[in-house]
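Engineer: predicted model and sequence below, questions to follow.
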Amino acid sequence: MANRGKMGKGYFITGTSTGVGKTLVSRALLHAFGARNNTAVGMKPVAVGCENGQYMDVELLLAASTVIAPREQVNPYALAPPIAPHIAAGQAGITIDMTTICKACFELQKKADLVIVEGTGGFLVPLNEYQDGSDMARALGFPVILVVGMQLGCLNHALLTAKVVRGTGLQLAGWVANRIDPQMIAFDENILTLKQRLNCPLVGVLPFEQNIDAKKLSLLLDIAKLERSTHMNADRM
Ligand SMILES: Nc1ncnc2c1ncn2[C@@H]1O[C@H](COP(=O)(O)OP(=O)(O)OP(=O)(O)O)[C@@H](O)[C@H]1O
Ligand SMILES: C[C@H](N)[C@H](N)CCCCCC(=O)O
Ligand SMILES: [Mg+2]
């Protein structure tokens, strides 16, 4: 459905690694924007890892989206082996192309107020012979939200990623602390360290949940704080 002729905005969701909660946070963001009467659609440009014939990231993002969009726009590249995308693409005899991804995203921006784009693995995962996730993020041009999987080692990964995101010329609009290790020692001190050093808003802290309810967890995300951060940066442009 045409989005009243306006082009939707977007956020690029990256993480400190694979398996840290990018999909969970993307789903929660889709629900959070939907609850504010925004239309919102998820995008997984490059999905790798097919389980029982399904690309779960794509299925979960489709289910959390408030508008229906063609699968080829939501997920331009689906590669079955659960390995690095450039290797999977090479094995499949294809090249992941940024123009293809940008065109698909452009079509989604016509359909929704917000496009929540989930990256693949961590920020610098290679996508083809010359480009990686940072090139995709730069090509899309959206502010970045960093998902930090809270576990020992996350400080280094989070601060490295923040440095590279900013070095790519993109805004780090905010970060989400995702408690993937319920046994993490000094959890509060690690959160405080990243609040002091990431220099962007903490959008929310998601607890470890045995039974995940993305809609419930969306209530823990401070979307207003995220939007203030994004607008402030836009004003500086
Ligand atoms: N807060 C949490 N509590 C419990 N389980 C979680 C939490 N966050 C993530 N998980 C689980 O950890 C796994 C990885 O989460 P998710 O798929 O969102 O990570 P990802 O960063 O999107 O991974 P990928 O790099 O494969 O896309 C999933 O099984 C998910 O259900
Ligand atoms: C298959 C997995 N769940 C992710 N979708 C892809 C992770 C690629 C990681 C590449 C790397 O950093 O070594
Ligand atoms: Mg994912």
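Structural biologist: Received it, and whenever you're ready, just let me know what you need. Residues are numbered from 1 along each chain as shown. Ligands and ions are numbered 1, 2, ... in the order given.
Engineer: so stretch 202-218, near ligand 1 or not?
Structural biologist: Yes. Stretch 202-218 lies within reach of ligand 1 by Cβ under 6 Å from any ligand atom, at L206, F208, E209, I212. C-beta here means a position set from N, CA and C on the backbone, and glycine is covered the same way.
Engineer: what about the last one, which SS state?
Structural biologist: Which is I212. Secondary structure state of I212, per DSSP: H, G, I helix; E, B strand; the rest coil, is coil.
Engineer: I'd guessed I180 sits against K22; true?
Structural biologist: No. Using Cβ atoms under 8 Å, I180 is not in contact with K22; the gap is 11.3 Å.
Engineer: so for these two, which residue has more residues nearby?
Structural biologist: Taking neighbours as other Cβ atoms under 10 Å, I180 and K22 compare with K22 leading, 27 against 19.
Engineer: show me what contacts the residue nearest to that one when sequence neighbours are not counted?
Structural biologist: Residue nearest to K22 in three dimensions, not counting chain neighbours: G15, with 4.4 Å by Cβ to Cβ, 6 or more residues apart in numbering. The contact partners of G15, by Cβ atoms under 8 Å, 6 or more residues apart in numbering, come to G21, K22, G119, G121, G122, F123, L146, V147, V148, G149, T161.
Engineer: how many neighbours does the fourth one have?
Structural biologist: Right, the one you point to is G121. Neighbourhood size, G121 [other Cβ under 10 Å]: 20.
Engineer: was I right about it contacting I83?
Structural biologist: No. Checked against Cβ under 8 Å, the pair G121 and I83 is beyond contact range at 10.2 Å.
Engineer: so V176, which of the three states?
Structural biologist: Secondary structure, three-state DSSP: V176 is strand.
Engineer: mind checking pLDDT for it?
Structural biologist: Note on V176: pLDDT of 99.
Engineer: what is the burial count for it?
Structural biologist: V176 has 29 nearby residues by other Cβ under 10 Å.
Engineer: any idea how far it lies from G15?
Structural biologist: V176 sits 9 Å away from G15, going by Cβ to Cβ, to the nearest Å.
Engineer: do the same with L159
Structural biologist: Using Cβ to Cβ, L159 is found at 14 Å from G15.
Engineer: and which of the residues of stretch 202-218 next to ligand 1 is nearest ligand 2?
Structural biologist: Minimum distance to ligand 2 across those is 16.3 Å, recorded for I212 (Cβ to the nearest ligand atom).
Engineer: anything in contact with each of V176 and G15?
Structural biologist: G21, L146, V147, V148.
Engineer: show me which residues of the chain sit near ligand 2.
Structural biologist: So the chain meets ligand 2 at T18, V48, G49, P82, A84, T120, G121, G122, V125 (Cβ under 6 Å from any ligand atom).
Engineer: would you map the strands across this structure?
Structural biologist: Counting by DSSP state E, one finds strands in the chain at the ranges 9-15, 40-43, 46-48, 77-79, 114-118, 144-149, 172-178, 202-206.
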